[in-house]
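my questions are about this predicted structure, shown below with the sequence.
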Amino acid sequence: MSTKDKAKWDNKYGTPEYITGKEPVEWLKTNADILTGNGSALDIASGEGRNAVFAAAKGYKTLAVDVSANGLKKAHALADEKGVAIETCLVDLDSWVIERNAYDLILCFNFLDRRIFPAMKNALRLGGLIFYETFTVDYLKHSSFRREWVLEHNELLDAFSELRILSYREIDTNEKACASLIALKENDS
């Protein structure tokens, strides 16, 4: 992410209110029954930290990474409010190296950088889960997003096909058009 991106997100998260709320995304909350709470979690592009805080509340040692210092500051405040601890790291996802075989849970919501798909899979330990949800091409009907910022149909399925897909959906409503995936790493292939 460029300095321009950092400034954009710092400005966006620079308000006292939580722009996306304090509750985790619905996809994570609805499927929380499969979370073991054991091990380490990584929340990529965590923003204000609502999903990282949720993972920590479930028992994971959680690292939230984002380009925005303001977002991460709010993530810490939310963790304090909820009585959990999280670690944060200010990173440029264009150059940050995700540690291999380090996480039992990886979360990524409303963010797309296809270049990190392989690193996400390599960072996941055997038995680990990926929860991923972001916008699809159908979202272009509802927004001014650029096409490169959205997934093609079934792209998320294809990108994580060597993992066991536990749940997948694509929805297109007036409020939301996204693909959602939960995948399990069963082997090191």
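Nice, thanks for sending it over. Being a predicted model, the structure only gives us computed values, none of them experimental. Numbering: from 1, shown residues only.

find the residue at the geometric middle of this protein.
Central residue check for the chain by CA atoms, centre = their mean: the C-alpha nearest the mean position is that of Cys108, 1.6 Å away.

excluding covalently adjacent residues, which one is nearest to that one?
Take Cys108 and drop its neighbours on the chain: the residue closest to it by CB to CB, 6 or more residues apart in numbering is Ile44, 4.4 Å away. Placement of C-beta: from N, CA and C, glycine included.

who are the packing partners of the helix or strand where Asp43 lies?
Following DSSP states H and E, one finds Asp43 within strand 40-44. Contact here means 3 or more CB pairs under 8 Å, 6 or more residues apart in numbering; DSSP states H and E; on that basis strand 40-44 packs against helix 50-57, strand 61-66, strand 103-109.

just the CA trace of the longest one, in CSV.
Extracted in CSV, the C-alpha atoms of helix 50-57 (Å, rounded to 0.1, in the frame of the first residue of the first chain):
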residue,chain,number,x,y,z
ARG,A,50,-13.6,-6.0,15.4
ASN,A,51,-12.8,-9.4,13.9
ALA,A,52,-9.4,-9.6,15.7
VAL,A,53,-11.1,-8.8,19.0
PHE,A,54,-13.7,-11.5,18.3
ALA,A,55,-10.9,-14.1,17.6
ALA,A,56,-9.2,-13.1,20.9
ALA,A,57,-12.4,-13.4,22.8
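
quick one on the thing from earlier: bridged to the residue nearest to the centre of the chain, which residues?
With beta bridges defined as DSSP bridges, Cys108 has these partners: Ile44, Tyr132.

so who does it touch?
Shown here is Cys108, whose contacts under the criterion CB atoms under 8 Å, 6 or more residues apart in numbering are Asp43, Ile44, Ala45, Met120, Ile130, Phe131, Tyr132, Glu133, Thr134.

tell me the pLDDT of it.
Model confidence at Cys108, given as pLDDT, is 98.

circling back: report the distance from the strand holding Asp43 to the chain centre.
Going by CA atoms, centre = their mean, to the nearest Å, the spacing between the C-alpha centre of strand 40-44 and its chain's C-alpha centre is 8 Å.

just for this protein, where's the confidence low?
1-4, 189 (pLDDT under 70).
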